[in-house]
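Trainee: This is a predicted model, with the sequence first.
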Amino acid sequence: MKFFIDTAVVDEIREIHAWGVIAGVTTNPSLVVASGRDFHEVVTEIAELVQGPVSAEVTTLEADEMIREGKQLAALSEHVVVKLPLTPAGLTACAALSGEGIKTNVTLCFSTTQALLAARAGATYISPFAGRLDDIAEDGMDLVRQIADIYHLHGIETQVLAASIRHPLHVSQAALAGADVATLPYKVFKAMVQHPLTDKGLKAFMDDWAKGAKAK
Ligand code: E4P
């Protein structure tokens, strides 16, 4: 399972990118607004930094507008993946953009049948939102698992991108569920790397090393 980072804050991306663990980035309109940056400018900067897939979401609702906006976004960088909502218009735009060789990420997926439609519309990625299903007392990771199983069963190449990940447990659950990619907020990366036994063990090694150096 690959990792993407789910943010439009360049400093957060730069920090986690330096760990060598992220293959791409996802953004959404809320994250772009929270970053305080110009949309096209920040997407271009992120694409240059990461040199991997960067999802940039359309902000229009009609298919012809989404197609126009998607082409503008795709023109920003070869790394841009056009993110489209799982609506009838989003599927139409997905089919049109995919037909022109533009990579797509169909977002706001909450059912297996939606995921099947996105795949048939040529989506490069499908984004089931696990955390938002958990929020309404449904099992979000069960949806991720079911989509991964169905795609596998039918030889569908659309990649399952587990989204709306809220904590490290979601990450291991997404990996076990067969997600191709999980997109994680900055704070989840920071939580994943921490372990008290790592800190305790490292302190002991450093203390022993310093004692050894003094003894020489
Ligand atoms: C993914 O592409 C979305 O931007 C994101 O995962 C949504 O997460 P949230 O439900 O925590 O807002």
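Mentor: Sure thing, it's come through.

Trainee: is any part of stretch 12-24 close to the ligand?
Mentor: No - applying Cβ under 6 Å from any ligand atom, one finds that stretch 12-24 is not in contact with the ligand, the shortest distance being 10.8 Å. C-beta coordinates here come from the backbone N, C-alpha and C atoms, glycine included.

Trainee: Need the residues that contact that stretch.
Mentor: Under the contact criterion Cβ atoms under 8 Å, 6 or more residues apart in numbering, stretch 12-24 has outside partners 2-5, 7, 25, 46, 49-50, 52-55, 79, 81, 181, 186, 189, 193.

Trainee: and with 7 Å instead?
Mentor: 2-5, 7, 25, 46, 49-50, 52-54, 186, 189 (Cβ atoms under 7 Å, 6 or more residues apart in numbering).

Trainee: Give the buried residues for it.
Mentor: Of the residues in stretch 12-24, those buried by neighbour count under the rule 16 or more other Cβ atoms under 10 Å are 12-13, 16-17, 22, 24.

Trainee: Could you list which residues are in contact with the residue nearest to the spatial centre of the chain?
Mentor: Geometric centre of the chain, nearest residue: Thr183, 3.0 Å, by Cα atoms, centre = their mean. With Cβ under 7 Å, 6+ apart as the criterion, the residues that contact Thr183 are 4-6, 26, 161, 163, 165.

Trainee: near the ligand, which residues of the chain?
Mentor: Those residues of the chain that sit near the ligand, judged by Cβ under 6 Å from any ligand atom, are 6, 26, 28, 107, 127, 129, 131-132, 163-164, 183.

Trainee: Great, nothing more from me.
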